[in-house]
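Colleague: One predicted model, sequence on top.
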Amino acid sequence: MKRIAAKRIQRLFRLAETIAHEKLHYANRYVELARKISMKYNVRIPSHLKRCFCKHCYTYLVPGKNCRVRLRSNRFPHVTITCYTCSKIIRYPYNTPRPPKRGGLADQNPRKHVTPTRPSSNTPRRTE
């Protein structure tokens, strides 16, 4: 049953995406239905779909039409979405690309990690 509910939620968000530019109230209704299904069958809405609607008034967000999207990096880098319906601000953090970490045996100095070995005292020495 949960699998059917998850597929239905995906389908409703696809419908909302296709119709949002023409009839926004239909898209809002599809989001409302998807939320009701997720609550009734205890199915999580995937995070990439949660970012498609406002967390406060549950309207489907169309950038430039009913919301504003900005990239900010004041304290931490994040995307700021301002909903024009309820005037709330939603922030989603994003990670800046970092240079690859240096690691592995090829990048390390081989002498740095090698400990010198001494012959142990209990091994017999060769005498000739």
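Modeller: Yes, it's here.
Colleague: Quickly note the distance from residue 76 to residue 87.
Modeller: 23 Å (CB to CB, to the nearest Å). Where C-beta positions appear, they are placed from N, C-alpha and C, glycine not excepted.
Colleague: and what of residue 73?
Modeller: Distance from residue 73 to residue 87, by CB to CB: 23 Å.
Colleague: Can you list the low-confidence ranges for the protein?
Modeller: 104-128 (pLDDT under 70).
Colleague: And the strands in this protein?
Modeller: 67-72, 78-83, 89-93 (DSSP state E).
Colleague: Reformat those as JSON lines; add distance to residue 20.
Modeller: Formatted as JSON lines, the strands of the chain follow (distance: least, CB to CB, whole Å):
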{"stretch": "strand 67-72", "distance to residue 20": "11"}
{"stretch": "strand 78-83", "distance to residue 20": "14"}
{"stretch": "strand 89-93", "distance to residue 20": "17"}
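Colleague: Let me know which of those is tucked in deepest.
Modeller: strand 78-83 (a mean of 16; mean count of other CB atoms under 10 Å).
Colleague: Show me what it is packed against.
Modeller: Helices and strands touching strand 78-83, by 3 or more CB pairs under 8 Å, 6 or more residues apart in numbering; DSSP states H and E, are strand 67-72, strand 89-93.
Colleague: Direction included, what does it pair against?
Modeller: Using DSSP bridges, the strands paired with strand 78-83 are strand 67-72 (antiparallel), strand 89-93 (antiparallel).
Colleague: Alpha carbons of the first one, in PDB - could you do that?
Modeller: The reference is to strand 67-72. The C-alpha coordinates for strand 67-72 follow below in PDB (Å, rounded to 0.1, in the frame of the first residue of the first chain):
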ATOM      1  CA  CYS A  67       8.300  33.100  -5.400                       C
ATOM      2  CA  ARG A  68      11.800  34.600  -5.600                       C
ATOM      3  CA  VAL A  69      15.000  32.500  -5.500                       C
ATOM      4  CA  ARG A  70      18.300  34.000  -4.400                       C
ATOM      5  CA  LEU A  71      21.700  32.500  -3.600                       C
ATOM      6  CA  ARG A  72      23.100  33.800  -0.300                       C
END
